[in-house]
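In: below are the sequence and a predicted model for it; my questions follow.
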There are 6 protein chains.
Amino acid sequence: MEVPVAGTARTSKRRGQTVAARSALKVVKGSSPAPKPEAARESAAAGDDTEITALGLKRAPLNPAMEAYFAKCEEKLGFVPNVLEAYAFDMAKLEPFVAMYNDLMLAPSGLSKLEREMIAVAVSAHNRCYYCLVAHGAAVRQLSGDPVLGELMVMNYRAARLNKRHRAMLDFAVKLTAEPWLVEEPDRAALRRAGFSERDIWDIAAVAGFFNMSNRVASATDMRPNSVYHAQAR
Amino acid sequence: MEVPVAGTARTSKRRGQTVAARSALKVVKGSSPAPKPEAARESAAAGDDTEITALGLKRAPLNPAMEAYFAKCEEKLGFVPNVLEAYAFDMAKLEPFVAMYNDLMLAPSGLSKLEREMIAVAVSAHNRCYYCLVAHGAAVRQLSGDPVLGELMVMNYRAARLNKRHRAMLDFAVKLTAEPWLVEEPDRAALRRAGFSERDIWDIAAVAGFFNMSNRVASATDMRPNSVYHAQAR
Amino acid sequence: MEVPVAGTARTSKRRGQTVAARSALKVVKGSSPAPKPEAARESAAAGDDTEITALGLKRAPLNPAMEAYFAKCEEKLGFVPNVLEAYAFDMAKLEPFVAMYNDLMLAPSGLSKLEREMIAVAVSAHNRCYYCLVAHGAAVRQLSGDPVLGELMVMNYRAARLNKRHRAMLDFAVKLTAEPWLVEEPDRAALRRAGFSERDIWDIAAVAGFFNMSNRVASATDMRPNSVYHAQAR
Amino acid sequence: MEVPVAGTARTSKRRGQTVAARSALKVVKGSSPAPKPEAARESAAAGDDTEITALGLKRAPLNPAMEAYFAKCEEKLGFVPNVLEAYAFDMAKLEPFVAMYNDLMLAPSGLSKLEREMIAVAVSAHNRCYYCLVAHGAAVRQLSGDPVLGELMVMNYRAARLNKRHRAMLDFAVKLTAEPWLVEEPDRAALRRAGFSERDIWDIAAVAGFFNMSNRVASATDMRPNSVYHAQAR
Amino acid sequence: MEVPVAGTARTSKRRGQTVAARSALKVVKGSSPAPKPEAARESAAAGDDTEITALGLKRAPLNPAMEAYFAKCEEKLGFVPNVLEAYAFDMAKLEPFVAMYNDLMLAPSGLSKLEREMIAVAVSAHNRCYYCLVAHGAAVRQLSGDPVLGELMVMNYRAARLNKRHRAMLDFAVKLTAEPWLVEEPDRAALRRAGFSERDIWDIAAVAGFFNMSNRVASATDMRPNSVYHAQAR
Amino acid sequence: MEVPVAGTARTSKRRGQTVAARSALKVVKGSSPAPKPEAARESAAAGDDTEITALGLKRAPLNPAMEAYFAKCEEKLGFVPNVLEAYAFDMAKLEPFVAMYNDLMLAPSGLSKLEREMIAVAVSAHNRCYYCLVAHGAAVRQLSGDPVLGELMVMNYRAARLNKRHRAMLDFAVKLTAEPWLVEEPDRAALRRAGFSERDIWDIAAVAGFFNMSNRVASATDMRPNSVYHAQAR
């Protein structure tokens, strides 16, 4: 079983340190004429690593499969993504979520892993989902080796210098997100013209659909991303 | 493993017969002064039972678990819901979908099965998803014994005579569907005031999220509902 | 003077019975393993046949023309549509409404009666008008002999298998409903290309316009449809 | 039978002259240092008085009632409003339109004629309907003796200094125009709190509904207002 | 330094008189059978000439440059536009505003002054900005010698009889106003096809941008236009 | 004359190096088991430092004031922000832009510089403006010493842990951006309750307005941010 690509140990060298801690450090190091942060304000992300959702749901005991999976995350990423912690109040919810996620984002597909992450972020940008933009923005930066690509997926994918394949893919995913009732045969035909197979079209739809789900679970529960993501692959 | 509640054998007596077939029959039986359907037009749902999606994906061999599940559907419902046929090109996609669906819609929860189906339809109405409105509209009719409740979830849930609990539940689910970025603590507080627990809030979010996913997969692929649903529980 | 086509005596055999009554009956008849409706909840359409609007307006005495018209409705449909009861507080309002309705929907036109009802429902679906979706959804089912066509007009007309004429007609009517300020010459040209005459274009606009009026009067007053419509022509 | 209040002979002294003609005149009279209009451009409203709609529908012979009505318009207003000319291709359409219009806008009501015209313009402003904004904007100017009130109804009624009654009335009418599916009991309650009776609520809804119809017929057909309206009651 | 073109002394003969004053006058002069304005209501624009914004900001002493500029406005227009009074609480804000405005609207450009004012009004119509619609609507009327062009920019520029150049220009400006994130190379290409140079494209964008700023400052502060504008160049 | 706070020499140590260059470097250094970027794809921001806009406008000779200002930018920031290069085709446009910008963002105000930058980014996030999100996102990170605050302003300010003052300020600025026609006295009252003075309200409106202008000029011209911003203050 694979683990999410975002946040491998190699790139998150500072993973044991929260963003708030790093910020404090930076302030101390700032030389005198630099603009100073306003005094004594709390981080905008205060508590992100400890209060993962706004719901007081208690973590259930992990079953062996999930225990192994969480251990693998710790080993490979250095942390367990908060979304998994959030679902871990009930194994019957956690397991299918993990299975679906891993199949969609990591299994063999006509779409590269980066392409799937680009869809994830462009969809999450439409829905303005803090959790998913942070976690999957980091994945785009990491998989592409192009930090600005991650930023552009968050800000406005239309402003990125994309090839025709990627533009068609994101146009479909975002229209499907914004106005699914308007998606019709010409939209599928545009994907085929850009070189996507029938199976690829399913995969684009499934990834876009999945993040339309995750965005809403995250927004409904005020799910907070692990702060370690923020600095990854910048 | 349970099967979807919609379409039990008892209520779908005519399940072996497509809507088109019934329509033809009705025309033949119509007595002379009745308004006649316009001649020789094809049904608006022609092919719904045979061309399940617009993608030419071939069904994969079912693995034993899924074979048993499909058999159970046939036995209990009299048919296999088309969404399952659509996902059956790849067991790695079908299995987590079935597991997630069954947990969300059928497992024990503070929300009744009917309440979960009401969310399904109200969300699908916002997204104008043909497949989900037909399949889950039938479920609401069946579970409630109130056919008009099914209609109202499709048309405008605000026009239904709902108790405060149901109204709060649907207001949350539909806001989460339409503008997830605006859902905040006061929205959760409104659910708590209506008597929902923290876990219930998760379940409302998860069901609403799931149909935001399914609606998009269905719209992206032009997924067609089994025609047997249309006449169920009217 | 004609009467609305929806609800002829032939198809509404159960016209003397409200949906609530039938629902109760169905529950009694339900065999044991069927899913049971949740206990003791009121119908979502409770009172639809008795409290027609949220306004306490008293019916005025019908003048002879309207008395004859109401009698004709009773004779042909088995009931007086609630919208007529709603307008009957003032003959000066009822009469032009009836005259305009009958001309638009029933008089000779290049559009068939079914086409006019399809516009009525597609427009009312955009506006999510409970009254008009129920009453005119029934008319589409009845006139077409294709119950699913009625459902599709309510849910998303774009998902229906429509010929080019009908698609062009509904695209115009729904754009005119959603964003009338954007309707321009190319929109009219598209109708002409689909075979519509100048007079037909007027009729499409007039029917779409009429339901944009009726939808709003109905929504403003919480107008409730006769419950007999729900089961017609299923 | 009354005629529309806009455009009485007294206020439209230049009624025999089109706006284009007046514009030309003004240019000739302009003294030298005044900014000059750009040369040889056609009026933005060229043809408004001759090509009333974009449809080539021929005027039918007026029946006696309508002939009398048109004569009355000529006598009282100095012209026949173009909307009547547009409907005059078919007496079966013209008569109910006139009957409905006159009842709604001119018959006794708890709403003053000015209030009804204010609703007409605020609704037409939302729908950006050229015809109705011109014709009914003139009516508001005329009935109120406050030309700026007419402008404000066109531009943004929220910027006008309105009393609470008028603000509540327009808030209801514009919400009903923009999102009729959201109008519910609290919206009616707000009108009652502002002093409106049940019958008044009907009238607000009916006038708002009527202009939602007229706006769409006008936009669908590119209906052009009589140019004489523009200068009335400035 | 130039002054805004709207409101030169020649065309605003009644400039010393507020609209409210003229309204009162008109009522007195109205001959008996004319429709009477409703008694004793305040003008919808009451106070526009005295309470320029909803903020209690005190005018700062004008510096010499601004004193000269205000004097020039008085001399040429007969009044100081209220927007200048509104900014005059701080010379550091007033001066760049005046400099930017004068460059954009009055300096040499591939766009005529009328074209720039047409953009101003079409943008302000989208944003429904009372101040800008009044002040710049007057400018369009004046510069074009076509009063209806001014009305059409306020109501719906798509209904105006425009040449291709003007239509392309306004389509770009309004799309940039409504959905700036969707403006891309094909939008610029459409302007080039309509004959605009690269510099012209900048100017269209800059004018549209400027009014998107001004509209918001005006709406945020409830800025009121000088009442003299209303009657100009009708 | 001050220069923009974003990008002081101290924090942009790698300022001479484009993001693309750093990306390439990172790939070379990547140890073997790290996920590899997809081969040979161009950066999503390729050309951002050389082709600043999509318009072929040539830089004009800087006048002495602007030459000094650009030199000051180079000295303090290590680069000239691209927006200044974009405006530098015409000194008559560059100078008022610089004057207005510096007054709004850097002059004394009841709003801190960070607060003004937060408004800039929240407004630009609504408008999805690549240039402004990058340049001012960096400024928020730098001024606050809280990199995640910058991210949250880009993604969804509602998800940030903000005090009441900041939340009220951003709610006003974003409503003014999205629906300026709905901003009224209660919106100003909410700012006053949060402790803002009349002058502060002006400043919030003016900053929000300014970025509604800049966002549109940037989107219309495809303005590209200096790539050095991306890595600042992470």
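Out: Everything's here; your move.

In: which residues touch the residue in chain A that chain D sits nearest to?
Out: Nearest residue of chain A to chain D (CB to the nearest CB) works out as A:W181 at 15.2 Å. From N, CA and C alone the C-beta is placed, and that goes for glycine too. By CB atoms under 8 Å, 6 or more residues apart in numbering or on different chains, the residues touching A:W181 are B:127-129, B:219, C:156, C:158.

In: ok, it to E:L182 distance?
Out: 19 Å (CB to CB, to the nearest Å).

In: please apply the same query to A:D222.
Out: As defined by CB to CB, A:D222 lies at a distance of 30 Å from E:L182.

In: okay, the two: which has more neighbours?
Out: A:D222 (19 against 13; other CB atoms under 10 Å in any protein chain shown).

In: excluding sequence neighbours, find me the nearest residue to that one.
Out: A:A54 (4.0 Å; CB to CB, 6 or more residues apart in numbering or on different chains).

In: make sure A:A46 is actually in contact with F:R161.
Out: Yes - contact criterion CB atoms under 8 Å: A:A46 and F:R161 qualify, at 5.2 Å.

In: what about the residue of chain A found nearest chain E, how many residues nearby?
Out: Per CB to the nearest CB, A:N156 is where chain A lies closest to chain E, at 5.2 Å. Using other CB under 10 Å, A:N156 has 22 other residues around it.

In: could you do the one 3 residues further on as well?
Out: Applying other CB under 10 Å, we find 26 residues neighbouring A:A159.

In: got a pLDDT number for it?
Out: Predicted confidence (pLDDT) for A:A159: 98.

In: can you point out the buried residues in stretch A:70-88?
Out: Residues of stretch A:70-88 classed as buried under the neighbour-count rule (16 or more other CB atoms under 10 Å in any protein chain shown) are A:70, A:73, A:76-88.

In: what do you get for stretch A:167-183?
Out: Judged by neighbour count using 16+ other CB under 10 Å, the buried positions of stretch A:167-183 are A:167-177, A:180-181, A:183.

In: which of these sit farthest apart?
Out: Among these, the pair separated by the greatest distance (CB to CB) is A:R167 and A:W181, at 22.5 Å.

In: all helices of chain A, in order?
Out: For chain A, the helices defined by DSSP state H cover A:19-29, A:64-77, A:82-87, A:91-106, A:113-126, A:130-144, A:147-155, A:164-178, A:185-193, A:198-221.

In: next up, phi/psi of the closest residue to A:F70 other than its chain neighbours, please.
Out: In space, and not counting its chain neighbours, A:F70 is closest to A:V80: 5.2 Å by CB to CB, 6+ apart. Main-chain torsions, A:V80, degrees, to the nearest 10: phi -100, psi 120.

In: check contacts around A:M169.
Out: A:M169 sits next to A:111, A:115, A:118-119, A:191, A:194, A:196, A:204 when contact means CB under 8 Å, 6+ apart.

In: what of A:V140?
Out: A:114, A:117-118, A:121, A:149-150, A:153.

In: for the residue positioned nearest the centre of chain A, give its distance to D:L149.
Out: By CA atoms, centre = their mean, chain A has its centre lying nearest to A:H136, at 2.3 Å. Counting by CB to CB, the gap from A:H136 to D:L149 is 53 Å.

In: same question, A:N163
Out: 56 Å.

In: neighbour-wise, which of the two wins?
Out: D:L149 (30 against 11).

In: please name the nearest non-neighbouring residue to the more buried one.
Out: Spatial nearest neighbour of D:L149, excluding adjacent residues (CB to CB, 6+ apart): E:A44 at 3.9 Å.

In: about what we covered before: from the contacts of A:V140, which is closest to F:R141?
Out: Closest to F:R141, out of all of the contacts of A:V140 and judged by CB to CB, is A:G150, at 15.3 Å.

In: ok, now which ones touch the closest one?
Out: Counting by CB under 8 Å, 6+ apart, A:G150 makes contact with A:121, A:137-138, A:140-141, A:144, A:233.

In: next one: A:D203
Out: A:104, A:109-111, A:116.

In: the closest residue in space to A:A99 that isn't next to it in sequence and B:V80, how far apart?
Out: Counting by CB to CB, 6+ apart, B:P96 is the residue found nearest to A:A99 once chain neighbours are left out, at 3.9 Å. As judged by CB to CB, B:P96 and B:V80 stand 18 Å apart.

In: likewise A:F211?
Out: For A:F211, the distance to B:V80 equals 28 Å [CB to CB].

In: excluding its backbone neighbours, what's nearest A:T221?
Out: Closest to A:T221 by CB to CB, 6+ apart is A:T53, at 4.1 Å.

In: so the one you found makes contact with A:A86?
Out: Yes - counting by CB under 8 Å, A:T53 does reach A:A86; the two are 5.2 Å apart.

In: which neighbours do the two share?
Out: A:221, A:223.

In: returning to that earlier point: from the contacts of A:M169, which are also near chain E?
Out: The subset of those within reach of chain E, by CB under 8 Å from any CB of the partner chain, is empty.

In: now render those as CSV, adding pLDDT, neighbour count and distance to E:A92.
Out: Converted to CSV, those look like this (pLDDT from 0 to 100; neighbours: other CB atoms under 10 Å in any protein chain shown; distance: CB to CB, whole Å):
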residue, pLDDT, neighbour count, distance to E:A92
A:L111, 98, 22, 54
A:E115, 98, 22, 50
A:M118, 98, 30, 45
A:I119, 98, 33, 47
A:L191, 98, 21, 54
A:A194, 98, 17, 52
A:F196, 98, 21, 56
A:I204, 98, 26, 52
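
In: just curious, which of the residues you listed is nearest to chain B?
Out: For the contacts of A:M169, the nearest to chain B is A:I204 (7.5 Å; CB to the nearest CB).

In: now that closest one: how far from B:S214?
Out: Taking CB to CB as the measure, A:I204 falls 16 Å from B:S214.

In: likewise A:L182?
Out: On the measure of CB to CB, A:L182 and B:S214 end up 17 Å apart.

In: also A:M169?
Out: Computed as CB to CB, the A:M169 to B:S214 distance reads 21 Å.

In: likewise for A:Y157?
Out: 24 Å.

In: check A:S124 too.
Out: 18 Å.

In: looking at those two, which is more packed in?
Out: A:S124 (29 against 26).

In: now that one. Nearest residue, chain neighbours left out?
Out: Once flanking residues are discounted, A:S124 sits nearest to A:C132: 3.8 Å by CB to CB, 6+ apart.

In: pretty sure the one you found sits against A:A218.
Out: Yes - counting by CB under 8 Å, A:A218 is a contact partner of A:C132 at 6.1 Å.

In: neighbour count for the two, which is higher?
Out: A side-by-side neighbour count of A:C132 and A:A218, using other CB under 10 Å, places A:A218 first with 30 against 25.

In: all set now, cheers.
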